[in-house]
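*Asks:* give the three-dimensional model of this entry:
(chains A and B)
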Amino acid sequence: MATSFKQIEENLKNEARKLLEEGKVSLVLAYGRGYDEDHPVPFVARVVADVENIVFNEYCTANMARYLVRYPRGTKMAIAVKPADSRAVVQLIQEDKIKREDVILLGIPVIGMKNSKTGEVIDSKTTCGMYNPVLYDVLLGEEIHGQTVVSPYDVLAEYEAMDKDARFAFWKKEFDKCIRCYACRKACPMCYCDPCFIDQNKPKWGDKSPQSHGNLMYHLTRFHHLAGRCIDCGECSRACPVDIPLYLFHKKVAKECEEMFGQAAGKSIQDKPVLVNFRVDDSDKILE
Amino acid sequence: MSFEPKILGIACNWCTYTGADLAGTTRLQYPQNTRVVRVMCSSRINPSFIFRAFQLGADGVLVGGCHPGDCHYNTGNLYARRRLAVTKKILEFSGMEPGRFRVEWISASEGNKFAEVVREFTEQIRNLGPQTKFKIEK
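*Replies:* Here you go, the predicted structure:
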């Protein structure tokens, strides 16, 4: 039986208070109240008094791993992680952006999270569809077992079966909607490059105004940069103000990487990201 | 006027470019549609080069590197192999014809293979016709 959101919130507050009082961490990354119940915002608790403002409910979808890389290296941090977020933390540790000993993971097993924009329940269609964090120091609820396991890649079948021209037309329509607000980049825990390739002027990789060719360049390259690193939290698509289904492309690239290299992103801190690694016996067939 | 494909060839300095040189010095005949750019290693190729080439009007992109295990920098083409495989999948899922992008391992002594690959690839692109999907409309 899954622990209720209210109970998790209580556990999260207690744990955060304890850590801050003992001085084990200098900040706790969690969720705070937004303008109403349905729109919680990312929240950083720095002193014990802040803990009262922490909330956790079914709309707390933001991936707080996004904020880990914003603080100087060596800052002791605690972070509330849902299953996908814990994979993001693992991936950041693999990439040596943070150190395992600097971060305390407050794991939250979740089921029935909701998209605050549409009110729909978030499942394996738009995210990795996991219920329990892969890595945690403290678990704030009971582990969830016995749910039917659905492959997060099932949703792709429809698009893979499409004719290539139809698929191009589909993506062109979607990318043409892009207003280049970079919300996807801001929401993504793996997008930490400074400067981002699209912000560079020398060389200028793509046009910065929201036109089709610049949009295509930005999105395709972003998918490439996240290949084998995307942990499928689906936050880019939820952050998108024009509802581009970015998660579809990320899922496709993740699926191909898993098939080709036999490793999914963010599952174990011992792994190396697939594109900065190689095996001498990789098959040439992957290039066909 | 018949369609003449415009192909970007990206060749590694140590193997494919030298192989192309050999094809030239042994006077092998092959189509002149491929413009070859030399890079120091196939792992020097940023995937954005390929997207950008298609945007700027290339009908096909041919990447040449050393045979795996023969890289001048020992492991460069092993990284490139993984990276370019992902590039290929991304191009494919975005709706681009997969035949427009090709990676070949051509060593410095394989002038014949270079000519053969270029001939074959040019023919393939000729059959596919002009690339209009990524091309920036003026």
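*Asks:* low-confidence regions, chain B specifically.
*Replies:* Within chain B, the segments meeting pLDDT under 70 span B:1.
*Asks:* those residues of it touching chain A, which are they?
*Replies:* B:47-48, B:51-52, B:55, B:68-69, B:75, B:78-79, B:81-90, B:92-97, B:103, B:105, B:133-134, B:136 (Cβ under 8 Å from any Cβ of the partner chain). C-beta coordinates here come from the backbone N, C-alpha and C atoms, glycine included.
*Asks:* separate out the buried members of those.
*Replies:* B:47-48, B:51-52, B:55, B:68, B:78-79, B:81-90, B:92-97, B:103, B:105, B:133-134 (16 or more other Cβ atoms under 10 Å in any protein chain shown).
*Asks:* so A:K255 sits against A:L156, correct?
*Replies:* Yes. A:K255 sits in contact with A:L156 when judged by Cβ atoms under 8 Å, with a separation of 6.5 Å.
*Asks:* looking at this, B:R102 is in a helix?
*Replies:* No. Counting by DSSP: H, G, I helix; E, B strand; the rest coil, B:R102 is not part of a helix but strand.
*Asks:* dump the residue contacts of it.
*Replies:* Contacts for B:R102 (Cβ atoms under 8 Å, 6 or more residues apart in numbering or on different chains) come out as B:G60, B:V61, B:L62, B:V63, B:V117, B:F121.
*Asks:* can you give me the helices for chain B?
*Replies:* All helices of chain B, identified by DSSP state H, fall at B:16-25, B:47-55, B:76-94, B:111-128.
*Asks:* relative orientation of the last one and helix B:16-25 in degrees?
*Replies:* What separates the directions of helix B:111-128 and helix B:16-25 is an angle of 100 degrees, with axes from the mean of the first three to the mean of the last three Cα atoms, to 10 degrees.
*Asks:* helix B:111-128 packs against which elements?
*Replies:* Packing contacts for helix B:111-128, counted by 3 or more Cβ pairs under 8 Å, 6 or more residues apart in numbering or on different chains; DSSP states H and E, involve strand B:7-12, helix B:16-25, strand B:34-39, strand B:60-65, strand B:101-105.
*Asks:* contact partners for B:R126?
*Replies:* B:F3, B:P5.
*Asks:* count of residues packed around the residue nearest to A:V155 when sequence neighbours are not counted?
*Replies:* Take A:V155 and drop its neighbours on the chain: the residue closest to it by Cβ to Cβ, 6 or more residues apart in numbering or on different chains is A:K125, 4.9 Å away. Number of residues near A:K125 (other Cβ atoms under 10 Å in any protein chain shown) recorded here: 16.
*Asks:* hmm, A:L156 and A:K125 touching each other?
*Replies:* No. If you go by Cβ under 8 Å, A:K125 and A:L156 don't touch, sitting 10.2 Å apart.
*Asks:* tell me the mean pLDDT for whichever strand or helix holds A:I93?
*Replies:* Assigning secondary structure by DSSP states H and E places A:I93 in helix A:83-94. Across helix A:83-94, the average pLDDT comes to 95.
*Asks:* kindly report the same for stretch A:116-135.
*Replies:* Mean predicted lDDT for stretch A:116-135 stands at 89.
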